[in-house]
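Visitor: Sequence first, predicted coordinates after that:
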Amino acid sequence: MRRALPLLLLLIASRLVFSQPPQPRTANVVLLMTDGLRWQEVFSGADAALMERKSGSSAALQKQFWRATPEERRAALLPFFWSVVAGQGQVFGNRSLRSEARVTNGLNFSYPGYSEALCGVADPRIDSNDKRYNPNLNVLEFLHRRPGFEGRAAAFGAWELFPWILNAPRSGLLVNAGYEPLQLPESPGSLQLLNTLKAETEYWEGEAFDSFTFHTALEYLRLHKPRVLAILLGETDEWAHAGRYDLYLKSAHRFDHYARRLWDALQSLPEYRGSTTLVLATDHGRGSSRKSWRSHGRRIPESQYVWMAFLGPDTRPLGVLRDAPPVWQAQLAATIAALLGQDFRAAAPAAAPPIQSVLAR
Ligand SMILES: [Zn+2]
């Protein structure tokens, strides 16, 4: 019995050491979202019933995205997602495998969705896409006020609403959105060209093409090395509303290409290599029928189902979650903060808790 005492003390001491919260290796987070991309395409690729329709039936489209099995189709649609992200990270929301990711705001459209994701709460006051400043604290703003993150959080959105969603006047964040040019003191020629093309290539009112938003954000990343960067793309939603399944698929494919470009850029820069977590998500789902896939909202309950994915040095490579507890959109905010070792809920107590399985342990 006497010999057991030192062993017991050792066990208690080691328990104390190991019960400290582990220090994350993540020093930077990049969030890349694409608007209204369904979990159905993410997990099963192109939908045969929708490919047949008049707008999306070209042989070239079939060749690009049609394959015999759902696994092959999703890999053709989102090759980076299905090789690197699913191989080395964690993916939530495959309902066929009993992993559910849900919007909890009950409205299933964009302002409430981005607000839920970035502020961590489903606030019933956020019930329209009107240009109203968000009263809620968002996670970028929270981080921007933390030591070591001041002036190092920024957001780039294709949709012009983001300065309102992120309350840019209050938060002091750099929020570049819609057709607004990005003005930097040093403004290299490439950025000036992006500003010019964006201003001269208008199709949707209030929403720029994703390419301008993405490349502007990438230029900013290279020039200013933000520690927290949100890139919020919109074409998947726009083309779906227009009933253009062909262009919806192509914009989803481009979103995947952008994720790869971003990941490669991050791994090529010493400030980010091995210390950056990439978070991929959407703001809402869509309908599941041949008619309702175009739309989403309160009247289309299945548009509450979303997906999300995490890739980085602290996230264990569990791949696609199956038989997993449900996660919800509101958890994104605290998860982004927790990846960086920060407690968002200390400042926003009503926010949903972080998703534990993606964090360092
Ligand atoms: Zn929409």
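Guide: Received the coordinates, thanks. Residues are numbered from 1 along each chain as shown.

Visitor: Report the rounded mean pLDDT for the strand or helix carrying Y114.
Guide: With secondary structure defined by DSSP states H and E, Y114 is part of helix 110-119. When pLDDT is averaged along helix 110-119, the result is 98.

Visitor: Check which residues of the helix or strand where K250 lies are buried.
Guide: Secondary structure here is read from DSSP H and E; on that basis K250 sits in helix 245-268. Using 16 or more other C-beta atoms under 10 Å as the test for burial, helix 245-268 gives 245-256, 258-260, 262-263, 266. Where C-beta positions appear, they are placed from N, C-alpha and C, glycine not excepted.

Visitor: what does the helix or strand following it contact?
Guide: Moving toward the C-terminus from helix 245-268, the next helix or strand (DSSP H and E) is strand 276-281. Contacts of strand 276-281 with the rest of the structure, by C-beta atoms under 8 Å, 6 or more residues apart in numbering, involve 26-33, 81, 85, 89, 117, 259, 262-263, 266, 306-315, 329, 332, 335-336, 339.

Visitor: In helices only, show me those.
Guide: Using DSSP state H, the members of the contacts of strand 276-281 that fall in helices are 117, 259, 262-263, 266, 332, 335-336, 339.

Visitor: Can you lay out the residues you listed as a markdown table showing distance to P353?
Guide: Formatted as a markdown table, the entries for these read as follows, by distance: C-beta to C-beta, whole Å:
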| residue | distance to P353 |
| --- | --- |
| A117 | 14 |
| A259 | 26 |
| L262 | 27 |
| W263 | 27 |
| L266 | 27 |
| L332 | 11 |
| T335 | 9 |
| I336 | 13 |
| L339 | 13 |
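
Visitor: quick check, nearest of those residues to V228?
Guide: I336 (7.4 Å; C-beta to C-beta).

Visitor: How about the contacts made by L77?
Guide: Here L77 is in contact with 41, 45-46, 65, 249, 252-253, 256 (C-beta under 8 Å, 6+ apart).

Visitor: What backbone torsions are found at the nearest residue in space to it that is not next to it in sequence?
Guide: By the measure of C-beta to C-beta, 6 or more residues apart in numbering, the closest residue to L77 outside its immediate chain neighbours is G45, 4.7 Å from it. Main-chain torsions, G45, degrees, to the nearest 10: phi 70, psi -160.

Visitor: Please apply the same query to A101.
Guide: When quoted as degrees, to the nearest 10, the phi and psi of A101 stand at phi -120, psi 130.

Visitor: residues in contact with the closest residue to it other than its chain neighbours?
Guide: Nearest residue to A101, sequence neighbours excluded (C-beta to C-beta, 6+ apart): G93, at 3.6 Å. With contact taken as C-beta under 8 Å, 6+ apart, G93 is in contact with 39, 42-43, 99-101, 305-308, 327.

Visitor: rerun that using 6 Å as the cut-off
Guide: For G93, the set of contacting residues under the criterion of C-beta atoms under 6 Å, 6 or more residues apart in numbering consists of 39, 101, 306-307.

Visitor: Now do it against D343, distance only.
Guide: From G93 across to D343, the span is 26 Å (C-beta to C-beta, to the nearest Å).

Visitor: Mind jotting down where the helices sit in the stretch 1-150 of the chain?
Guide: Along the stretch 1-150 of the chain, the segments classed as helices by DSSP state H, counting those that start in this stretch run 4-18, 39-44, 48-51, 59-65, 70-77, 79-80, 86-88, 110-119, 139-144.

Visitor: Need the ones you listed in TSV (columns: distance to R273).
Guide: Rendered in TSV, the data for the helices of the stretch 1-150 of the chain read as follows (distance: least, C-beta to C-beta, whole Å):
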stretch	distance to R273
helix 4-18	28
helix 39-44	27
helix 48-51	39
helix 59-65	32
helix 70-77	26
helix 79-80	17
helix 86-88	15
helix 110-119	26
helix 139-144	21
